[in-house]
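Student: Whatever this is, show me its structure:
(one chain, ligands or ions: 1)
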Amino acid sequence: MGIGRATAARFLREGARVVATDIDENRLAALGREKAGGILLTVAGDICREEVVRRIVEACAGHVDALANVAGIMNGFLPAAESMTIPETGCWPST
Ligand SMILES: NC(=O)c1ccc[n+]([C@@H]2O[C@H](COP(=O)([O-])OP(=O)(O)OC[C@H]3O[C@@H](n4cnc5c(N)ncnc54)[C@H](O)[C@@H]3O)[C@@H](O)[C@H]2O)c1
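Tutor: Below you'll find the predicted structure:
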């Protein structure tokens with residue numbers, strides 16, 4: 001189980017309202033099967049895309065107590081500076 005899924009599952013067991021994001025819809029569905037007690041909202045999509053981030057912010061409805069920023073973006077284990085260039089926008093692309 002990944003860090004984000006384990007974190008979300010723990011908060012859900014504690015009764016929290018959780019907004020979970022993953023590029024893989026099957027992984028979000030798996031989280032939904034273990035939501036026991038809490039409220040789960042899911043946003044499927046690539047966290048590197050601004051439109052997806054906007055949907056996440058909307059789902060949070062103006063209230064965030066904790067953030068787990070743990071998407072598994074590794075690019076073959078290369079150090080960040082070697083695996084990508086930083087565009088003028090200041091946002092790193094995923095590839
Ligand atoms: N597991 C560890 O011991 C450990 C230790 C140190 C650092 N990390 C880092 O933490 C991060 C998460 O690790 P993990 O073990 O939970 O990985 P994981 O592969 O179990 O989970 C990562 C999740 O991120 C999702 N994802 C990938 N790209 C995405 C994107 N662009 N947008 C949205 N979701 C995306 C994947 O679908 C997957 O469900 C990785 O970057 C890893 O290098 C992990």
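
Student: Now for the residue of the chain found nearest the ligand: which residues touch it?
Tutor: Across the chain, no residue is closer to the ligand than G2, which sits at 2.4 Å (CB to the nearest ligand atom). Placement of C-beta: from N, CA and C, glycine included. Residues in contact with G2 (CB atoms under 8 Å, 6 or more residues apart in numbering) are V70, G72.

Student: For A20, see how far away it is.
Tutor: 11 Å (CB to CB, to the nearest Å).

Student: And for A30?
Tutor: 11 Å.

Student: and I47, helix, strand or coil?
Tutor: Three-state assignment for I47 (DSSP: H, G, I helix; E, B strand; the rest coil): coil.

Student: how about the residues of the chain near the ligand?
Tutor: Neighbours of the ligand within the chain, by CB under 6 Å from any ligand atom: 2-4, 21-24, 27, 46-48, 70-74, 94.

Student: buried subset of these?
Tutor: Neighbour counting with 16 or more other CB atoms under 10 Å marks G4, T21, D22, I23, R27, I47, A71, I73 as buried within the residues of the chain next to the ligand.

Student: For the most centrally placed residue in the chain, name its beta-bridge partners.
Tutor: With distances taken as CA atoms, centre = their mean, T21 lies nearest the centre of the chain, 3.7 Å away. On the basis of DSSP bridges, T21 is bridged to V43.

Student: give the contact list for it.
Tutor: Contacts of T21 (CB under 8 Å, 6+ apart): L28, T42, V43, A44, G45, I47, V52, I56, A71.

Student: what does E14 give?
Tutor: G37, G38.

Student: try 10 Å
Tutor: Listed by CB atoms under 10 Å, 6 or more residues apart in numbering, the contact partners of E14 are A36, G37, G38.

Student: which of those has the most neighbours?
Tutor: G38 (16 neighbours; other CB atoms under 10 Å).

Student: Now that one: closest residue in space that isn't a chain neighbour?
Tutor: L12 (3.5 Å; CB to CB, 6 or more residues apart in numbering).
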